[in-house]
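Novice: What follows is a protein structure lacking sequence information:
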């Protein structure tokens, strides 16, 4: 499985694709429900659902910079992250592999339960990136949120 650089303006961090796909799939479910087609929320959700599908080995099109390029998009993304983090903090310590395997991923299969704390680390990294406190570039692989 590959890795993808998640960034805004060239600053970011590397992530293993399987973890990023799981994060994006869950995050899409925590976006505010769009009321009309073609809205910012619909665009972001559609992008994340496609990106999480399992088709993009090593180059997952997260589209984070585009998603947060407007104040509305920035608020939607931050609210989704906070919503998912709240849910993960009350979730069981391990997410059941059987449930994860029915979530519509195309590539691979979860063979083990997945630790909730790893996704919490991803959420915190996404918020840090949005806040501008992550300043590393693609040449730095010292920080990979969600990895063991």
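Specialist: Looks like it arrived, so ask away. Keep in mind that this is a model prediction, so the values were computed, not measured. Numbering: from 1, shown residues only.

Novice: Every contact and neighbour count from this point should use C-alpha atoms.
Specialist: Will do.

Novice: How many neighbouring residues does the residue lying closest to residue 40 once chain neighbours are set aside have?
Specialist: Computed as CA to CA, 6 or more residues apart in numbering, the closest residue to residue 40 that is not its neighbour in sequence is residue 73, at 6.3 Å. Taking other CA atoms under 10 Å as the criterion, the count of residues near residue 73 is 20.

Novice: Show the contacting residues for residue 73.
Specialist: 40-41, 67 (CA atoms under 8 Å, 6 or more residues apart in numbering).

Novice: Show only the entries of these found in helices.
Specialist: In this view, these that belong to helices under DSSP state H are 40-41, 67.

Novice: Now do the phi/psi pair for the residue nearest to residue 40.
Specialist: phi -60, psi -40 (degrees, to the nearest 10).

Novice: go on, the one 4 residues further on?
Specialist: In this entry, residue 77 is assigned phi and psi values of phi -70, psi -50 (degrees, to the nearest 10).

Novice: In the chain, where is pLDDT below threshold?
Specialist: 1, 107 (pLDDT under 70).

Novice: Point me to the residue sitting farthest from the middle of it.
Specialist: residue 36 (23.5 Å; CA atoms, centre = their mean).

Novice: Show the backbone phi and psi for residue 124.
Specialist: Per degrees, to the nearest 10, the backbone of residue 124 is at phi -70, psi -40.

Novice: In space, what's closest to residue 65 - neighbours in sequence excluded?
Specialist: Closest to residue 65 by CA to CA, 6+ apart is residue 8, at 5.1 Å.

Novice: Thanks again, I'm all set now.
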